[in-house]
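A.B. asks: Just to be clear, the model below is a prediction. Sequence and coordinates:
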Amino acid sequence: MNRLKRPAFFLLTTGLLCAAGTAAYFSDFEKKINSAAVGYVTTEIEEDFPDPTPTPMENGPSYRKEIRIGNFSGSVKGFQADCYVRMSLSYSNDDIGRGVKLTGLDTANWVYNSQDGYYYYRKKISEGEKTAPLCTGFQIDPQKIDDTYRDSIKDFEINVYEEAVQAEGFSDYESAWRYFSYPVSAQAERRGNA
């Protein structure tokens, strides 16, 4: 009986060692840290607006004002993503807003969407680039301003607001902004599931 115990003990020990070695082999791991840098978009509004000479409103004054947007990286080069931009204009006084007409409006590069009030730049802007100016100036049409408010409007502001989205993965400005506005439905459309 002792003779049978030794081979059985040997086989059992060998089996346990093999199982432990196999388990150790399959449970071996190595830790590796992957680091990635992501691009970002930093845009700025640039205006060329010299101090205007005060002109009476009834004379229908015109002023020079160029508005553009730049895609700037600041001090870090190479991480700035290409982007599409849009801008909207508002006025510090609603009444003056009715009388302002943009002059030299660049309709070749900018398109106005009356539904949301934004001017969309058609081309993507790469790092360090600027858009073409939206306009070259503005004129005030005194006929469109209510006489009751004409004397009270001495100074006013044209407020410029801009937004940008990354251009990566989009063929044009329309698809990029559609995705920005409706990310879930636009994503299905890009896959052809809409």
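C.D. replies: On my side now, so go ahead.
A.B. asks: count of residues packed around residue 140?
C.D. replies: 21 (other Cβ atoms under 10 Å). Using the backbone N, CA and C atoms, a C-beta is placed for each residue, glycine as well.
A.B. asks: Can you give me the buried ones in the host helix or strand of residue 120?
C.D. replies: Assigned by DSSP states H and E, residue 120 belongs to strand 118-121. Using 16 or more other Cβ atoms under 10 Å as the test for burial, strand 118-121 gives 118, 119, 120, 121.
A.B. asks: Turn those residues into JSON lines, columns for distance to residue 143 and pLDDT.
C.D. replies: JSON lines is the format used below for the buried residues of strand 118-121 (distance: Cβ to Cβ, whole Å; pLDDT from 0 to 100):
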{"residue": "118", "distance to residue 143": "27", "pLDDT": "96"}
{"residue": "119", "distance to residue 143": "25", "pLDDT": "97"}
{"residue": "120", "distance to residue 143": "30", "pLDDT": "98"}
{"residue": "121", "distance to residue 143": "32", "pLDDT": "98"}
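A.B. asks: Of all pairs in those residues, which one is the farthest apart?
C.D. replies: 118 and 121 (10.0 Å; Cβ to Cβ).
A.B. asks: Can you check which residues contact both of the two?
C.D. replies: residue 86 (Cβ atoms under 8 Å, 6 or more residues apart in numbering).
A.B. asks: now the helices: where do they sit in this protein?
C.D. replies: 2-26, 94-99, 147-150, 173-181, 183-191 (DSSP state H).
A.B. asks: Going by mean pLDDT, which of these comes out lowest?
C.D. replies: Lowest mean pLDDT within the helices of the chain: helix 183-191, a mean of 58.
A.B. asks: show me where pLDDT drops low in this protein?
C.D. replies: Residue ranges of the chain with pLDDT under 70: 1-5, 7-8, 15-29, 36-39, 73-79, 149-152, 183-194.
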